[in-house]
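# What shape does this take:
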Amino acid sequence: MGGDTPRYTGPDDPREVSMMWMQKEISLAARPRGFHLITDDILRQCPALRQVRIGLLHVFIQHTSASLTINENADASVRRDFERHFNRLAPEEAPYFEHTQEGPDDMPAHLKASLLGVSLCIPITGGRLNLGTWQGIYLCEHRDQGGERRLVLTIQGEG
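Predicted structure coming up:
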């Protein structure tokens, strides 16, 4: 049972802890179809993150034809491979699609967004996202003309 004891990682006196919640909506400029690193966009538009000693950043995209994921941040070929793979997984103009009024890329975009997901939860440590060395946040743009994308950023933590 000794290993099950919770470990407190805050200040010596828990009464000194300043709990915070913050929520902010940000916009991302339109990007072409593909997988795009947006870690820096998020950090630039959310300076309050630097005030959090320990906490979580929840990122939610308000769209049904784009998604979010975390993966390789150094080699752009990974993002190109993602695009090629997902295009094979959810091809355009499949004869069984009913939802086709918005163009051939629309229904595949919905499928890709559902497979990858619309939100991420990332730990914050010492005012920084606690991502692995080679990890970055991707905007997965699944439409040919997706337009501007909106994200809701929610921070919960100790300041």
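# From now on I want contacts and neighbour counts done on CA atoms only, so please keep to that.
Will do.
# low-confidence ranges in the chain?
Scanning the chain with the threshold set as pLDDT under 70 gives 1-16.
# hmm, try it at 80
In the predicted model, the chain carries pLDDT under 80 at residues 1-17.
# Centroid-nearest residue for it?
Taking C-alpha atoms, centre = their mean, the centroid of the chain lies closest to Leu68, which sits 4.1 Å from it.
# Contacts for stretch 91-109, please.
By C-alpha atoms under 8 Å, 6 or more residues apart in numbering, the residues outside stretch 91-109 that reach it are 64-66, 87, 90, 142-144.
# Ends of that stretch, what's the gap?
End-to-end distance of stretch 91-109 (C-alpha to C-alpha, to the nearest Å): 9 Å.
# For it, list every residue counted as buried.
The neighbour-count check on stretch 91-109 (16 or more other C-alpha atoms under 10 Å) flags 91-92, 104-109 as buried.
# residues near Leu115, how many?
Counted with other C-alpha atoms under 10 Å, residues neighbouring Leu115 total 11.
# can you tell me how far it sits from Thr69?
Distance of Leu115 to Thr69, computed by C-alpha to C-alpha: 10 Å.
# Also Arg50?
Applying C-alpha to C-alpha, the value for Arg50 to Thr69 is 22 Å.
# Could you check which of these two has the larger neighbour count?
Neighbours were counted for Arg50 and for Thr69 using other C-alpha under 10 Å; Thr69 has more, 18 against 15.
# Assess the claim that the more buried one and Gly117 are in contact.
Yes - under the criterion of C-alpha atoms under 8 Å, Thr69 is in contact with Gly117, at a separation of 7.3 Å.
# Give the bridge partners for Ile54, please.
With beta bridges defined as DSSP bridges, Ile54 has these partners: Thr125, Glu158.
# about what we covered before: out of the contacts of stretch 91-109, which are buried?
Buried among the contacts of stretch 91-109 by 16+ other C-alpha under 10 Å: 64-66, 87, 90, 142-143.
# Restricted to strands, list those residues.
Assignment to strands by DSSP state E places the following of the buried ones among the contacts of stretch 91-109 there: Ala66.
# And the nearest residue to Leu28 once chain neighbours are set aside, how close does it get to Gly136?
Using C-alpha to C-alpha, 6 or more residues apart in numbering and skipping the chain neighbours, the partner closest in space to Leu28 is Arg149 (5.1 Å). Per C-alpha to C-alpha, Arg149 is found 18 Å from Gly136.
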